[in-house]
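Engineer: based on what follows, work out the 3D shape:
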Amino acid sequence: EQDGDEGCLSVPDKVGEVVRPEYVKIKGTGREGQPVEYEGEGLLARAFCHEYDHLDGILYTDKAKDVLDLDSSTEEEKSEAQKSAAQIIKYFSLQESIESIIKAKGFSDCLCYISDEGVSVIVPESELNDNSVLVIDDAVVSHYDVAYENISIVGA
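Structural biologist: The predicted model follows:
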């Protein structure tokens with residue numbers, strides 16, 4: 001399990017501490033009707049759970065231990081929440097950028113996740129080979145400061 005702050009555009013100006021699993025595996029249907037399965041840990045697991053809850057009409061505030069109203073918070077609380085949000089936005093922007101580059105290199109789909117341990121990239125297993133691993137590695141290191149040995153590429 002992991003404790004962490006969450007926010008959402010559905011509940012503006014509020015942040016809440018929510019307990020989520022450290023690891024999740026989700027299954028669904030892809031854009032072309034094919035079955036898909038993704039695994040995530042850390043922030044990606046949190047994001048999967050947060051978005052899945054929306055499908056059931058659940059907001060993070062329904063699960064939060066405490067909800068902080070940023071309008072009535074101290075400057076220190078606001079600053080800490082802003083730092084946390086800025087880090088999450090930075091990671092998501094980088095992940096999106098890396099995903100776009102990998103797709104532009106000819107992959108039909110991909111999912112990128114940045115954690116403290118490194119970068120994980122999930123691509124269709126049918127498109128994974130020695131050459132594609134090199135292409136993905138280069139796409140990642142050209143946009144994120146990470147060593148090659150900290151890049152994990154998974155076929156799904």
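Engineer: could you use CA atoms for every contact and neighbour count after this?
Structural biologist: OK.
Engineer: okay, now residue 11: neighbour count?
Structural biologist: Neighbour count for residue 11, taken as other Cα atoms under 10 Å: 11.
Engineer: again with residue 55
Structural biologist: The burial count for residue 55: 9, using other Cα under 10 Å.
Engineer: can you give me the helices in this protein?
Structural biologist: 43-55, 60-63, 75-104, 130-141 (DSSP state H).
Engineer: helices and strands around the last one, which ones?
Structural biologist: With contacts taken as 3 or more Cα pairs under 8 Å, 6 or more residues apart in numbering; DSSP states H and E, helix 130-141 sits against helix 75-104, strand 151-155.
Engineer: now do the last one against helix 130-141, angle only.
Structural biologist: Between the axis of strand 151-155 and that of helix 130-141 there is an angle of 140 degrees, by axes from the mean of the first three to the mean of the last three Cα atoms, to 10 degrees.
Engineer: how about strand 151-155: buried residues?
Structural biologist: Judged by neighbour count (16 or more other Cα atoms under 10 Å), strand 151-155 contains these buried residues: 151-154.
Engineer: can I get the helices and strands packed on helix 130-141 in JSON lines including distance to residue 117 and mean pLDDT?
Structural biologist: Shown next, in JSON lines, are those (distance: least, Cα to Cα, whole Å; pLDDT from 0 to 100):
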{"stretch": "helix 75-104", "distance to residue 117": "13", "mean pLDDT": "82"}
{"stretch": "strand 151-155", "distance to residue 117": "9", "mean pLDDT": "87"}
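Engineer: could the buried residues of strand 151-155 be laid out in a markdown table, adding distance to residue 142?
Structural biologist: Formatted as a markdown table, the buried residues of strand 151-155 follow (distance: Cα to Cα, whole Å):
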| residue | distance to residue 142 |
| --- | --- |
| 151 | 12 |
| 152 | 15 |
| 153 | 16 |
| 154 | 19 |
